[in-house]
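A.B. asks: missing the sequence, but the structure's below:
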């Protein structure tokens, strides 16, 4: 693709805007300094850079892995488009980045190579950031600069301060749901006495940036459609088997994401109008399967019924509603199947091993509930 000054300015402008929004997000997550609150200073902005710099570095390594592999195969492509998020509370500053291929990828091998290059490159960068973060953890007293009221409880503060009786009404408690790789690295690299509590990881910028990068990696490596993991699965299994496996994975993901959205405790608690709206959401999401409307509705009702039945049999069980926007985007805009390439020649043996390793990275990086924000209600009278 010809890079005109106008196109370069667009990509550079999006990158700079995303750098600003992620830095603003970093200062809010780490220090509670929001630009929406009067008194925000330049020093407050700079305090967010230990989060934004490694986070954007990993995202850039990921996207340029795709970019340079596409260039290697002479596939026309754009530079990365960075996607900023406004500096609202609990925003992470970006929805990531993406490139657009401007020409069709002719072979399955090239599709595989372009798809796998990004997540593997980003994965290596993420490991480096997390190893550095765990190896340079500050002493436990570090957390008291953010929560001076915790200091009176000493090293055992966690047994007191995370209870609902301690937190005031309206307080937000943010809990990080670790994945397998995060747990593995903290056990291999970190000083056990300095490992932060899951409630406080947001105050450790390298760990938080690395953790979010693993979340982005796991989303990209979902073996569905034309996500990176979809390209990998297509390369490993071919068109027909990919279509079947991706459909099953997608429906399981939809089931888990919405589990607990419909509840039953004695009488039906949800308002009656919520049920048809939720079924309509499932129907629109499952259109990504590209089935007839009757079959799509049937699968929507099956998933709804299964979620309802599980919630009735196991009260309090829940999935992670934070995944619902992602399943909707995949179902409506990305699609579940993968278009066939002109050349369907089998992958080389070492690419097969690399593909299965990428799917292992997905398993190690996936966190069932990455971030939970708990708002405590007023105490009962």
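C.D. replies: Yep, that arrived. Please read these numbers as outputs of a predicted model, since none were measured by experiment.
A.B. asks: any idea which element residue 241 lies in?
C.D. replies: Here residue 241 sits within helix 239-258, counting by DSSP states H and E.
A.B. asks: sketch out the low-pLDDT regions of the stretch 251-381 of the chain for me.
C.D. replies: For the stretch 251-381 of the chain, the stretches with pLDDT under 70 are 263-273, 375-381.
A.B. asks: hmm, try it at 50
C.D. replies: 265-268, 379-381 (pLDDT under 50).
A.B. asks: tell me where it has strands.
C.D. replies: Using DSSP state E, counting those that start in this stretch, the strands found in the stretch 251-381 of the chain span residues 371-375.
A.B. asks: can you give me the helices in it?
C.D. replies: Remark: helices assigned in the stretch 251-381 of the chain by DSSP state H, counting those that start in this stretch are 274-286, 293-313, 324-329, 349-365.
A.B. asks: can you name every helix or strand that the third one contacts?
C.D. replies: Think helix 324-329. Using 3 or more CB pairs under 8 Å, 6 or more residues apart in numbering; DSSP states H and E as the contact test, the elements touching helix 324-329 are helix 239-258, helix 274-286. From N, CA and C alone the C-beta is placed, and that goes for glycine too.
A.B. asks: how much space between the closest residue to residue 49 other than its chain neighbours and residue 89?
C.D. replies: Spatial nearest neighbour of residue 49, chain neighbours left out: residue 23 (5.6 Å); criterion: CB to CB, 6 or more residues apart in numbering. Computed as CB to CB, to the nearest Å, the residue 23 to residue 89 distance reads 16 Å.
A.B. asks: can you give me the domain assignment for this structure?
C.D. replies: Domain assignment for the chain by automatic domain parsing gives 1-238+344-381, 241-334.
A.B. asks: winner for burial among these?
C.D. replies: Among the domains of the chain, domain 1-238+344-381 has the highest mean neighbour count (mean count of other CB atoms under 10 Å), at a mean of 18.
A.B. asks: can you show me the helices along the stretch 101-250 of the chain?
C.D. replies: Applying DSSP H, counting those that start in this stretch to the stretch 101-250 of the chain gives helices spanning 108-135, 158-161, 180-188, 205-220, 228-237, 239-258.
A.B. asks: ok so, going back, pretty sure the residue nearest to residue 49 is touching residue 87, no?
C.D. replies: No. In this structure, residue 23 is not within contact of residue 87 by CB atoms under 8 Å, at 9.3 Å.
A.B. asks: name the residues contacting each of these two.
C.D. replies: residue 93 (CB atoms under 8 Å, 6 or more residues apart in numbering).
A.B. asks: next up, the contacts around residue 142.
C.D. replies: Residues near residue 142 by CB under 8 Å, 6+ apart: residue 203.
A.B. asks: next one: residue 81
C.D. replies: Contacts of residue 81 by CB under 8 Å, 6+ apart are 11, 14, 97-100.
A.B. asks: point out the ones among these that are inside helices.
C.D. replies: 11, 14 (DSSP state H).
A.B. asks: for stretch 33-45, report the contacting residues that lie outside it.
C.D. replies: The contact list for stretch 33-45, computed with CB under 8 Å, 6+ apart, reads 23-24, 27-28, 31, 47-48, 87-89.
A.B. asks: and for stretch 200-214?
C.D. replies: Stretch 200-214 is contacted by residues 26, 29-31, 48, 50-52, 54-55, 58-59, 92, 122, 125-126, 129-130, 132-134, 136-137, 142-143, 146, 174, 176, 178-179, 181-182, 196, 365, 367, 370 when judged by CB under 8 Å, 6+ apart.
A.B. asks: mind doing that once more with 6 Å?
C.D. replies: Contacts to stretch 200-214, defined as CB atoms under 6 Å, 6 or more residues apart in numbering, come from residues 29-30, 50-51, 54-55, 58, 92, 126, 129-130, 132-133, 143, 146, 174, 176, 179, 182, 196, 365.
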